[in-house]
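what's the 3D shape of this:
(chains A and B)
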Number of protein chains: 2
Amino acid sequence: MLTIDYANCLRSRVGEHGLADDTITTSAEQLTGLTQALNASRGTGWERWRELWNNPMRDEHLNRVQAIANECEGRFENMIVLGIGGSALGNIAIQAALNPPSYNLLPHADRPGPRVFVVDNVDPANLNAILSICDPRETLYNVISKSGETAETASQFMIIRQMLQDSVGSRWADHVVAITDPEKGTMRTICDDAGITTLPVPEGVGGRFSVLSPVGLFSAAVAGIDIEALLDGAKAMDERCSNEDASKNPAAVLAHLLVRLGVDQGKTNHVMMPYANALKLMGDWYAQLWAESLGKKFDTNGAEVFAGFTPISALGTTDQHSQVQLYREGPNDKVIGFCEVEDFGHDQSLTIPTGMGVEAIEYLEGKRMVDLLNAEKRATEYALVESVRPNYTIRFPKIDAHHVGEFIALWEIATAYAGLMLNIDAYDQPAVETGKKATFGLMGREGYSDWLGKVNNALSVTAFTS
Amino acid sequence: MLTIDYANCLRSRVGEHGLADDTITTSAEQLTGLTQALNASRGTGWERWRELWNNPMRDEHLNRVQAIANECEGRFENMIVLGIGGSALGNIAIQAALNPPSYNLLPHADRPGPRVFVVDNVDPANLNAILSICDPRETLYNVISKSGETAETASQFMIIRQMLQDSVGSRWADHVVAITDPEKGTMRTICDDAGITTLPVPEGVGGRFSVLSPVGLFSAAVAGIDIEALLDGAKAMDERCSNEDASKNPAAVLAHLLVRLGVDQGKTNHVMMPYANALKLMGDWYAQLWAESLGKKFDTNGAEVFAGFTPISALGTTDQHSQVQLYREGPNDKVIGFCEVEDFGHDQSLTIPTGMGVEAIEYLEGKRMVDLLNAEKRATEYALVESVRPNYTIRFPKIDAHHVGEFIALWEIATAYAGLMLNIDAYDQPAVETGKKATFGLMGREGYSDWLGKVNNALSVTAFTS
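Next comes the predicted model:
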């Protein structure tokens, strides 16, 4: 199971920049209270995501996702996921974590499923490039939109629908699996009218907490990922994170460290730096969860607080050669979170050959690559401690679906704790709505013309250019 | 040419969180002084990067790079770049900016060169995955290391050397082009002994300022990128940035905005958020440059300053759906830099089809994708101004080699200005060295055993885990 080593966040390691060594003990009562509150609210309101790995939702989703994935099997050479934000990042992160970086380049027979592309933007060059290498006749389009009104996903969908109609005619809907509201909304209506196969975005599960719902499970299953193990891992972590004994509750510990270092010690930049390429995009997934959930102007009493921490996604060893200069010598305003992998499976034995015969690099001969990687991680940990910069390590026994499921649940539950600690609503996103409305205004959607005026007034042409 | 619109960094737009509207005028004298200083030091010491686009270096590099690229033409199906940090990020960023995301998936005949892989880590799973899909007999290995002693690149090189010897025997050196010190060092010796073709890492050009030297130009040329246009763009920008009239000098303006907003107004997090997938990794390149150059504990007088800003790489519209919640409602500690592209070339006309017949998304019908993308950018700009968050836009007429060259030179020169403004050495990286030495100690390199002791003492086993 995943473990968190947080010794380097404590005073005995980083002096006044850390928390007291007994911080978990002295905060035990408060943390137990939060655990009790979260255990009481689980499965209700916007915390229904916390039942995704428990029955009845678990089996309902697994059965339906697997059945549709089975129907798709062998029919498609490509799968294009259309979605944005929370509807896309989780899919990308799971794919990157659990399939090799060479996945799309492997010959058909060496892949468990079709090539996978996630189009999470409306950049015309990017969209054209992906569409142009995927013959619609052999492509599955996985459209993810709860409402169907998100401008990016709606416009992507309109383009691929036309492409499909031109290419396969009236059978176009057989190439689409939509993940959307099970009962209402624009995408629901479109799917019902066209006979598109659908999977639900479950009620009470927000975009950024949806990766272990059909939103993330379907594309994972099609790409041959063990989605049961993902859910089992999440469930196992959730059980640990339901423990009222804070010292044995990883989410409570993690949230406590980051919130207290952030609020009390000014360490408001929270870096995620895995020493494993496969986990880099899990860092991006974490970044959207942590940023959007905790970045809030008002607390639950309506007081202005401008809460939140700035998540940053980095990669070891690569970013040792640049970002770590800043992390060690710049403002002491960060907590660095490492991920370390103990076992890279059949890649664990990759060894640096002997016989080079060059003295300056002879010490590398016969060493395993993994030992170099993890030595660099330990060296960086040391370098940060020497500069009194708090850091912690999440240790992965290996990177597989179970442990990725654990990682996802850990951060989702830690986010729920952090929301309570900061006394903010971790589940809304009011500031995202303004941009959506202003976009509607600029694009001429009926009923939004006043937004066009607001934008043009605020951004009138000026001469401040260079 | 690139232009910077910085109206949204000023008081008239974002109130007390901005700079005075006449900030460039009132700082003109100081900025002119800095320009004169930089014009005087250009081409000397660690500022020799600033002559990369001028003769004699320009033509020397172009001729030699192009000659070797021509020799390689048609011989290889794959090129694997081995390097790390400044030796890799620029190559990745140029490739991502100027070739389509589908490049490696295109049929041989549709690509101007071999498939391109940049291996910038020692993750054994990542390295194995890439090596396993590239037959050494048809692969070119581009090794980039000034000294040859960087542990990551050295170990990668030792592995591919063995693979090549096993595969093609004594002709293995014909599959390697090394970019290294022209005169001395471990890699130099290896190349001379083995008869490996080399290109120079020019003297006085540090890793993070090396992308427009052979370090970045060779892989670009092999992948069919117009490297002359890259240098022409850089030269054109440099000319603008040599102008003593600050208001007409984009690098002086950019550095002034970011340093003053950072130091005087506490906006220490500097986001780069292009609205173009192709520029996302240019954001990563910028991030390593800005972080490593400016993150310094001591100023040039030896006083402790803990200078520096935290660069963050984001992507529009994607991150509107998560990060922008934090950027608008979290701590007001950021400056958001957008990139906007006016012309996406032959993708500019990609249009959302008509005939969907669904009222809620009818406003999208017949609109161009680029107009949606740029409306979203304008909407986000508006939303940030409404929340009094400073932001600016770098406008690309189009994404091509010339404008990418401009962008690179703009940020390199802005970094030089910022170093002077902060009174720090923008060209050293003392904090990176500790981690390297500690790694040597942990890996058993002779002469570094005291570092092993230091690390083990500092990180002795503790019970702070969860």
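
Count the residues that sit near the spatially closest residue to A:L106 that is not a sequence neighbour.
Spatial nearest neighbour of A:L106, excluding adjacent residues (C-beta to C-beta, 6 or more residues apart in numbering or on different chains): B:I133 at 7.0 Å. Just so you know, the C-beta spots here come from the backbone N, C-alpha and C atoms, and that holds for glycine as well. A count of nearby residues for B:I133, using other C-beta atoms under 10 Å in any protein chain shown, gives 19.

In this model A:L105 seems to touch B:I133, though I could be wrong.
Yes - taking C-beta atoms under 8 Å as the definition, B:I133 is a contact partner of A:L105 at 5.5 Å.

Domain parsing of chain A, as residue ranges.
Split into domains by automatic domain parsing, chain A comes to A:3-41+A:242-422, A:46-228.

Columns mean pLDDT and distance to B:G405 on top of these, output as JSON lines?
Shown next, in JSON lines, are those (pLDDT from 0 to 100; distance: least, C-beta to C-beta, whole Å):
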{"stretch": "domain A:3-41+A:242-422", "mean pLDDT": "97", "distance to B:G405": "21"}
{"stretch": "domain A:46-228", "mean pLDDT": "97", "distance to B:G405": "19"}
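
how about these, which one is nearest B:V81?
domain A:3-41+A:242-422 (13.1 Å; C-beta to C-beta).

Span of the closest one from start to end?
Domain A:3-41+A:242-422 has an end-to-end distance of 25 Å (C-alpha to C-alpha, to the nearest Å).

Let's have the domains of chain A in a markdown table, adding distance to B:V122.
Output for the domains of chain A, formatted as a markdown table (distance: least, C-beta to C-beta, whole Å):
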| stretch | distance to B:V122 |
| --- | --- |
| domain A:3-41+A:242-422 | 5 |
| domain A:46-228 | 14 |
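
what's the closest of the ones you listed to B:M187?
Per C-beta to C-beta, nearest to B:M187 of the domains of chain A: domain A:3-41+A:242-422, 9.2 Å.

what about the nearest residue to A:T434 once chain neighbours are set aside, helix or strand, and which?
Nearest residue to A:T434, sequence neighbours excluded (C-beta to C-beta, 6+ apart): B:A383, at 4.4 Å. B:A383 belongs to helix B:369-386 when assigned by DSSP states H and E.

Same check on A:I336?
Going by DSSP H and E, A:I336 is part of strand A:334-343.

what's near enough to touch the residue most central in space within chain A?
The centroid of chain A falls nearest to A:W285 when counting by C-alpha atoms, centre = their mean (1.9 Å). Contact analysis of A:W285 by C-beta atoms under 8 Å, 6 or more residues apart in numbering or on different chains lists A:89-90, A:92-93, A:211, A:408.

6 Å instead?
Applying C-beta atoms under 6 Å, 6 or more residues apart in numbering or on different chains, we find A:W285 in contact with A:89-90, A:93.

about what we covered before: buried residues in whatever helix or strand comes next after the helix holding B:A383?
Scanning forward in sequence from helix B:369-386 by DSSP H and E, the next helix or strand is strand B:391-398. For strand B:391-398, the neighbour count (16 or more other C-beta atoms under 10 Å in any protein chain shown) marks B:391-396 as buried.

so which two of those residues are the farthest from each other?
The most widely separated members of the buried residues of strand B:391-398, counting by C-beta to C-beta, are B:N391 and B:F396 (16.5 Å).

how about the strands in chain A?
In chain A, the strands defined using DSSP state E lie at A:3-5, A:78-82, A:115-119, A:139-144, A:176-180, A:197-200, A:269-274, A:310-313, A:334-343, A:391-398.

Present those strands as a markdown table; the columns should include distance to chain B.
Listed next are the strands of chain A as a markdown table, based on distance: least, C-beta to the nearest C-beta, whole Å:
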| stretch | distance to chain B |
| --- | --- |
| strand A:3-5 | 5 |
| strand A:78-82 | 10 |
| strand A:115-119 | 8 |
| strand A:139-144 | 12 |
| strand A:176-180 | 13 |
| strand A:197-200 | 16 |
| strand A:269-274 | 6 |
| strand A:310-313 | 6 |
| strand A:334-343 | 8 |
| strand A:391-398 | 8 |
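
okay if I get these as JSON lines plus distance to B:D123?
Converted to JSON lines, those look like this (distance: least, C-beta to C-beta, whole Å):
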{"stretch": "strand A:3-5", "distance to B:D123": "20"}
{"stretch": "strand A:78-82", "distance to B:D123": "25"}
{"stretch": "strand A:115-119", "distance to B:D123": "21"}
{"stretch": "strand A:139-144", "distance to B:D123": "29"}
{"stretch": "strand A:176-180", "distance to B:D123": "32"}
{"stretch": "strand A:197-200", "distance to B:D123": "33"}
{"stretch": "strand A:269-274", "distance to B:D123": "9"}
{"stretch": "strand A:310-313", "distance to B:D123": "16"}
{"stretch": "strand A:334-343", "distance to B:D123": "9"}
{"stretch": "strand A:391-398", "distance to B:D123": "13"}
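
Centroid-wise, who is the farthest residue in chain A?
A:G357 (44.5 Å).

Next one: that one from A:E365, what distance?
Taking C-beta to C-beta, to the nearest Å as the measure, A:G357 falls 9 Å from A:E365.

quick one: the helices in the stretch 51-200 of chain A?
Secondary structure of the stretch 51-200 of chain A by DSSP state H, counting those that start in this stretch: the helices cover A:57-72, A:86-98, A:124-132, A:151-168, A:186-194.

any idea which of the ones you listed is most buried?
Most buried of the helices of the stretch 51-200 of chain A by mean neighbour count (mean count of other C-beta atoms under 10 Å in any protein chain shown) is helix A:86-98; its value is a mean of 26.

Up against chain B, what does the stretch 101-250 of chain A have?
Residues of the stretch 101-250 of chain A found near chain B (C-beta under 6 Å from any C-beta of the partner chain) are A:101-102, A:105, A:120-126, A:128-129, A:133, A:149, A:152, A:154-155, A:158, A:162, A:186, A:250.
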